[in-house]
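Peer 1: Sequence and computational prediction follow.
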Amino acid sequence: MAMTTTTTSPFSLRLGWWFGMSILCGFLLPSTYSYRIGLLVKTFNNEFFQLAEQGCKDYVATFLTHKNSTCIYQGPLPTVENPNPDPDGTVQANMLLEMIPNVDALAISVKNAEAITPAIQVAIDAGIPVVTFDSDAPDSSRIAYVGTDNRFLGTTLAKVAKQISPEGGYFATLASDDSPNMNERIKGFQDEMFAENTGDDDDDDKDDANIVWTELSDSPGIFNRDVDVAIDMMEEYAQKDATVIVSVNGGPMWSDFYADFYNRNRRKNITLVFGDDFPLQIDYLSRGYVLGLVGQMPYEMGYRSTAALHNLLQGMEIPATIGTNLISHLQVPLVLPDLEVDHSLIGNLHYVGYVLFGIVGLMVLGCVGWTYRNRNLGVVKAAQPIFLLWVAFGVFTMGGALIPLSLDDKGDPDSLSDTQASLVCMSVPWLTWCGFTITFSALFSKTRRITKLIDSARECQRVQISAMDVAGPFIFLISLNVILLSLWTVLDPLVYVREANPGTDGWNRILSTYGACRSDHVARFLVPLGVVNFSVLLLANWQAYVSRRIKSEFAESKYIAFCMVSLLQALVTGFPVIYVVRDSPQAYYLVMAFMIFVICMAVLLLVFVPKMVLADDFGRRSDQSQRRLMVDAIRRSSTLAGTAGSRFQGGSSKSGPSLVSSGASLGIGDSEPSLQPYTSEQRAVSITPASSAKFGTEGDDNENSEVQNMATNTTTTTLSQHEEESPAEKGVQTVVSSQALWPSYCPREEAPSSSQLESSSGQ
């Protein structure tokens, strides 16, 4: 396969290198072309525009070094007799038309946008690129605007005024003319001043209005570049008790009577703020005759306008807006105005947490009281009350986190000592994590206990299953939580701190703060705690899945699943919101409080309410009917769980394993929580569809607790096989053992002797 290569001669390389360098130098080195840059301003002898002219000349001297390149500066010339020679902008428009044959590019400070727009179009049609600066004509065909954001300048003037006089009052504004930039400044100033007002002082319902600033009726005033007229306007505003007088440019300060005006009204403490920052104005500021100035950068406007035109002449593109910065000057008073800091306190919202905790507490007490009152009911015994109480205690512990969560420092960081601050903050994770672990470990252990009972039949085993036998995971997980939380508390405890929100007032003072619990290395402890408690969820869900076929009389796999879904919804929606609002105490508090409340209520309702419904149904039945229902539930549970409940056979006469240990048994239908002695009338039977009963002899059993009824050391199953009990059988103790759930392939026991019963009950 042939390969073709292309080579480049050294001559070609050198030629390409020189060509590239020539292009690069064309951009970096001064231009060798002759350009005539025109600057058309609103007032020829205005110091502001003279600074812009200087910026133009400096750019030409630096980058346009050809001897014929120049900056042509023109504009209407005011006189003492005629201080405003171009009131409607027509003079400036005519001057633009006259400049077109004599310039290569134009920068214009617009006097009247409507009047000059047609003239700009003529220049563009003649191939003259046009940009505006200082004052814009946005609807014209100009290519770009260079200069101040005039609305922002007006906003800045208002902020300076409010910074000096934050208490509010009456204000008035002045402008030299009604040119576009002046109108934009006035608009920005008014919007910022009125932003603090809520409601309208013209509304009928003035109680809901909060009027901080009011503009005087004859404001804004336009003095048409007659600075003496401006002083007369300011005098009128002063007589009307104006709190703030602002001129959006510095015109009034050029009047010979400005100092007299200030001295006449010195005692009124009027806040005077002006636009621009020329040396004369800075001198007045240093003497206290004005309290604030907001200056523009006219030199930069002239310089950057010329640079933009140069780029256009070279065929380059430029942005539609080229902004320039502002300069703010103001006196800093020895005594600053009072500032009310927003501490972002929880305030009355803490009652929400107290109410939610009260609801959780009452619900827990109700569930505990119901469990105790119905402890002798068969379905409640089958539900294993000891674990129900564990669940209730875990929910109460978790809900207790609502109390410290509702506390703050009332805006005073010194109100809490370091120990108190740490105690308040650390109690929240202690109560939340421990309560969570107790609750879901109890659900796991409860379901595991009944599952082991049902599964023992499949293995033809008789095992004693106490509460402690299935409490291992609970003890292990709660121990891990305690160890991790203890290390967190000792090594890097959470402490309550008050931090500043972004933003300060004009005097660089903090405007708002928020309180939060902080530590240096939260993740080092929070991540392991999350892993431990997530494992609790996994265990509870796994055990619920394993016991999914056990009837609801004994296990709650279906309701645990519902509980998991509710918990998942609370966490999935809650944690992202918590992250977003973590710096907003009110929102953070409400989200956390309701998330804890939802988890607590979901567990209580989904665990206890189904039991209450079953108990209500069982309570209306006779003892015999209750026994039949419970035995049927056991049979169905063992069948669905994989034990051959549907294959149970009649009692076998074959001897089986010796009775060395008891099967886990359920006390069903007891009138008292203790087991009664066996009588000669009792009959030992297997749970079968037919008879073949074995009669037992007298025995004795002295265990009396509910847990012992759930996992007693009894070895036989006694149950009347008739639909109705004979008089001799009434009040007989009925016990279901794991042997009753054995499949047909398991060996059957003969009826136990009296000595065996006594030996078994003694265990």
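Peer 2: It's in.
Peer 1: Asn68 sits in which helix or strand?
Peer 2: Under DSSP states H and E, no helix or strand contains Asn68.
Peer 1: tally of neighbours for it?
Peer 2: When neighbours are defined as other C-beta atoms under 10 Å, Asn68 has 9 of them. Glycine gets a C-beta too; all of them are placed from N, C-alpha and C.
Peer 1: what's the answer for Phe278, then?
Peer 2: Phe278 has 17 nearby residues by other C-beta under 10 Å.
Peer 1: Not counting sequence-adjacent ones, nearest residue to it?
Peer 2: Counting by C-beta to C-beta, 6 or more residues apart in numbering, Glu47 is the residue found nearest to Phe278 once chain neighbours are left out, at 5.7 Å.
Peer 1: so how far is Val248 from that neighbour?
Peer 2: Here the criterion is C-beta to C-beta, to the nearest Å. By it, Glu47 lies 17 Å from Val248.
Peer 1: More neighbours: those two, which one.
Peer 2: Val248 (28 against 14).
Peer 1: list the contacts for the more buried one?
Peer 2: Each residue near Val248 by C-beta atoms under 8 Å, 6 or more residues apart in numbering is listed here: 153-154, 157, 173-175, 182, 185-186, 189, 275.
Peer 1: For these, name the two members farthest from one another.
Peer 2: Leu153 and Leu174 (14.4 Å; C-beta to C-beta).
Peer 1: Show me the strands in the stretch 51-200 of the chain, by range?
Peer 2: Listed in chain order, the strands found in the stretch 51-200 of the chain under DSSP state E, counting those that start in this stretch are 70-74, 105-108, 130-133, 144-147, 169-175.
Peer 1: Run me through the strand neighbours of the second one, direction for each.
Peer 2: Think strand 105-108. Sheet partners assigned to strand 105-108 using DSSP bridges are listed as strand 36-40 (parallel), strand 130-133 (parallel).
Peer 1: what's the answer for the longest one, then?
Peer 2: The strands beside strand 169-175 in its sheet (DSSP bridges) come out as strand 213-215 (parallel), strand 221-222 (parallel), strand 244-247 (parallel).
Peer 1: My guess is Asp177 contacts Gly221. True?
Peer 2: No. Using C-beta atoms under 8 Å, Asp177 makes no contact with Gly221, being 11.4 Å away.
Peer 1: in the protein, which helix has the most residues?
Peer 2: helix 418-458 (DSSP state H).
Peer 1: for the record, mean pLDDT for it?
Peer 2: Averaging pLDDT along helix 418-458 gives 79.
Peer 1: continuing past it, what's the next helix or strand?
Peer 2: Going down the chain from helix 418-458, the next helix or strand is helix 472-491, by DSSP H and E.
Peer 1: for that next one, which positions count as buried?
Peer 2: 473-474, 477-478, 480-481, 484-485, 488-489 (16 or more other C-beta atoms under 10 Å).
Peer 1: ok and it relative to helix 418-458, angle-wise?
Peer 2: Here helix 472-491 points in a direction 170 degrees away from that of helix 418-458 (axes from the mean of the first three to the mean of the last three C-alpha atoms, to 10 degrees).
Peer 1: Using PDB, write down the CA coordinates of helix 472-491.
Peer 2: Extracted in PDB, the C-alpha atoms of helix 472-491 (Å, rounded to 0.1, in the frame of the first residue of the first chain):
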ATOM      1  CA  GLY A 472     -28.600  -8.300  68.600                       C
ATOM      2  CA  PRO A 473     -28.800  -6.000  65.500                       C
ATOM      3  CA  PHE A 474     -30.600  -3.400  67.600                       C
ATOM      4  CA  ILE A 475     -27.900  -3.400  70.300                       C
ATOM      5  CA  PHE A 476     -25.200  -3.300  67.700                       C
ATOM      6  CA  LEU A 477     -26.600  -0.500  65.700                       C
ATOM      7  CA  ILE A 478     -27.600   1.700  68.600                       C
ATOM      8  CA  SER A 479     -24.100   1.100  70.100                       C
ATOM      9  CA  LEU A 480     -22.500   2.300  66.800                       C
ATOM     10  CA  ASN A 481     -24.700   5.400  66.900                       C
ATOM     11  CA  VAL A 482     -23.800   6.200  70.500                       C
ATOM     12  CA  ILE A 483     -20.000   5.700  69.800                       C
ATOM     13  CA  LEU A 484     -20.100   8.000  66.700                       C
ATOM     14  CA  LEU A 485     -22.200  10.600  68.400                       C
ATOM     15  CA  SER A 486     -19.900  10.600  71.400                       C
ATOM     16  CA  LEU A 487     -16.800  11.000  69.300                       C
ATOM     17  CA  TRP A 488     -18.500  13.900  67.500                       C
ATOM     18  CA  THR A 489     -19.500  15.500  70.800                       C
ATOM     19  CA  VAL A 490     -16.000  15.200  72.200                       C
ATOM     20  CA  LEU A 491     -13.800  15.900  69.200                       C
END
